[in-house]
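# fold the following and give me the result.
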Amino acid sequence: DSFKGTLRAAEVAEAVGRGLEDGGRPVDLCPVADGGEGTLEALLSALDGEERTADVSDPLGRPVRGAFGIGAGARGETIAIVETASASGLHLVEPGERDAVAASTFGTGELIAAAVRAGARVVYLGVGGSATTDGGAGAIRAIGERGGLGGARLIVLSDVRTPFEHAARVFGPQKGADARAVRRLTTRLHGLARRLPRDPRGLAMTGAAGGLSGGLWAEFGAELVPGASFVLDAVGFDRRMREARAVVTGEGKLDQQSLAGKLVSEISTRARQAGVPCHAVVGRRELDSFGARVLDLQAVIEAGTPEELTASGRRLAELL
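Numbering: from 1, shown residues only. Okay, here's the model as predicted:
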């Protein structure tokens, strides 16, 4: 997976892979994502699609060039891949500018509408890495102002299982919300839930991207699926893993959230079921030894720079 805000998944894989190859171990590089940053890149490669751009709004309403992918589905239908972070990402807002109350998903709605205008009949939306906690209100408005979905299916690839009403409490602080803002955002989410055609509260995955997934589920009937499983299936991970002696996975921070449906958890589970040893290279480790055992990780190595990642690959080559 990507190391959020520093390295793309492909860059991490290439750096660790160099170290493994230096140690005489052949590698199959497989950059993946869980619905957060890197989802567009991973799925574009797997589906042999092409990238398009659209001028949209960032979380604070400023112009930004957003990207989405267009490709062909298994049945020949046109599909699109939209990444919330491309328009509504936290990385688009400087730390001193972060305003969790004002941040909007309007730009993500603009991107979805652009994908529909490009002919998409199915839109896959990755919802990780957002700066927003508006319950999808901005995206709903943007899609509505641009004529709706036109019959296109919307499938949300969620990287968390948090329900709608807990989105502000769980994710608000990392988006710049203090205790007072969290309370205000939570009240706003409850109010929105009461106004939507369906109530998203209490349902798993509806709190992703500050409730964006829940808002789209309630307003447009979006399907909510675990992003990690979807991406791994799309890139043929299980088949590739069966041909390997070991799996090396990783993410920017290994912590308690890693246990709850994140990519490392999904990969380690699949590796355990296949009887393939699983190791992890992470930017920062905040998970204790018990947590690592829960994930059944044989080794966990901290590495934050490309040089450290390559060195970790050499170390893993020795362990293997």
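
# to the chain's geometric centre, what's the distance from stretch 31-42?
Centroid separation for stretch 31-42 versus its chain: 6 Å, with Cα atoms, centre = their mean, to the nearest Å.

# the helices in the chain, which residues?
For the chain, the helices defined by DSSP state H occupy 9-22, 39-47, 84-88, 106-117, 137-145, 167-171, 179-195, 208-220, 227-234, 237-242, 263-274, 289-294, 306-319.

# dump these to TSV, plus mean neighbour count.
Bear in mind the C-beta positions are built from the backbone N, C-alpha and C, glycine included. Formatted as TSV, these follow (neighbours: other Cβ atoms under 10 Å):
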stretch	mean neighbour count
helix 9-22	20
helix 39-47	22
helix 84-88	31
helix 106-117	26
helix 137-145	21
helix 167-171	23
helix 179-195	16
helix 208-220	30
helix 227-234	22
helix 237-242	14
helix 263-274	20
helix 289-294	13
helix 306-319	18
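
# Leu30 and Val235 touch, don't they?
In this structure residue 30 is Cys, not Leu. Yes - under the criterion of Cβ atoms under 8 Å, Cys30 makes contact with Val235 at 6.0 Å.

# who has more neighbours, these two?
A count of neighbours by other Cβ atoms under 10 Å puts Cys30 above the other of Cys30 and Val235, at 23 against 19.

# quote the end-to-end distance of stretch 111-124.
One end of stretch 111-124 sits 12 Å from the other (Cα to Cα, to the nearest Å).

# mean confidence for it?
Mean pLDDT, stretch 111-124: 98.

# same check, this time on stretch 46-58
Average pLDDT, stretch 46-58: 93.

# got the contact list for it?
40, 43-44, 63-73, 79, 81, 87-88, 92-93, 104, 106-108, 110-111, 114-115, 118, 231, 234-236 (Cβ atoms under 8 Å, 6 or more residues apart in numbering).

# which residue is the nearest non-sequential neighbour of Ile301?
Nearest residue to Ile301, sequence neighbours excluded (Cβ to Cβ, 6 or more residues apart in numbering): Ser312, at 4.4 Å.

# that neighbour contacts Gly17, doesn't it?
No - if you go by Cβ under 8 Å, Ser312 and Gly17 don't touch, sitting 10.9 Å apart.

# now stretch 74-85: buried residues?
Neighbour-count burial for stretch 74-85 flags 78-85 (criterion: 16 or more other Cβ atoms under 10 Å).

# centre of the chain to that stretch, how far?
15 Å.

# can you pull the contacts of the residue nearest to Leu319 when sequence neighbours are not counted?
Counting by Cβ to Cβ, 6+ apart, Leu319 lies nearest to Ala299, which is 6.0 Å off, once chain neighbours are set aside. Applying Cβ under 8 Å, 6+ apart to Ala299 gives the contacts 279-280, 316, 319.

# what do you get if the cut-off is 10 Å, keeping everything else the same?
Ala299 sits next to 246, 248, 277-281, 292, 312, 315-316, 319-320 when contact means Cβ atoms under 10 Å, 6 or more residues apart in numbering.

# how about Arg141?
Contact analysis of Arg141 by Cβ under 10 Å, 6+ apart lists 104-106, 109, 134, 219.

# His279 too?
By Cβ under 10 Å, 6+ apart, the contact list for His279 reads 16, 246-250, 268, 271, 297-301, 312, 315-316, 319-320.

# and what of Val12?
Counting by Cβ under 10 Å, 6+ apart, Val12 has contacts 1-3, 6, 29, 31, 38, 248-252, 281-283, 303, 306, 309.

# just the buried residues of those.
1-3, 31, 38, 248-252, 281-283, 303, 306, 309.

# quick one: end-to-end distance for stretch 126-139.
End-to-end distance of stretch 126-139 (Cα to Cα): 14 Å.

# repeat for stretch 101-121
End-to-end span of stretch 101-121 (Cα to Cα): 33 Å.

# show me how far that stretch is from its chain's centre.
Taking the mean of its C-alpha atoms, stretch 101-121 sits 17 Å from the chain's own mean (Cα atoms, centre = their mean).

# equivalent analysis for stretch 240-252, please.
The answer for stretch 240-252 is 19 Å, by Cα atoms, centre = their mean.

# kindly export that stretch (C-alpha atoms) in PDB.
Taking C-alpha atoms only, stretch 240-252 is exported to PDB below (Å, rounded to 0.1, in the frame of the first residue of the first chain):
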ATOM      1  CA  ARG A 240       0.100 -14.600  -7.800                       C
ATOM      2  CA  MET A 241       0.500 -15.400  -4.100                       C
ATOM      3  CA  ARG A 242       0.200 -19.100  -4.700                       C
ATOM      4  CA  GLU A 243       3.300 -18.900  -6.900                       C
ATOM      5  CA  ALA A 244       5.400 -17.100  -4.200                       C
ATOM      6  CA  ARG A 245       7.500 -18.400  -1.300                       C
ATOM      7  CA  ALA A 246       6.600 -15.400   0.800                       C
ATOM      8  CA  VAL A 247       4.500 -12.200   0.800                       C
ATOM      9  CA  VAL A 248       5.900  -8.800   1.800                       C
ATOM     10  CA  THR A 249       3.200  -6.200   2.500                       C
ATOM     11  CA  GLY A 250       3.300  -2.800   4.200                       C
ATOM     12  CA  GLU A 251       1.700   0.600   4.800                       C
ATOM     13  CA  GLY A 252       2.700   4.000   6.200                       C
END
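
# much appreciated, bye for now.
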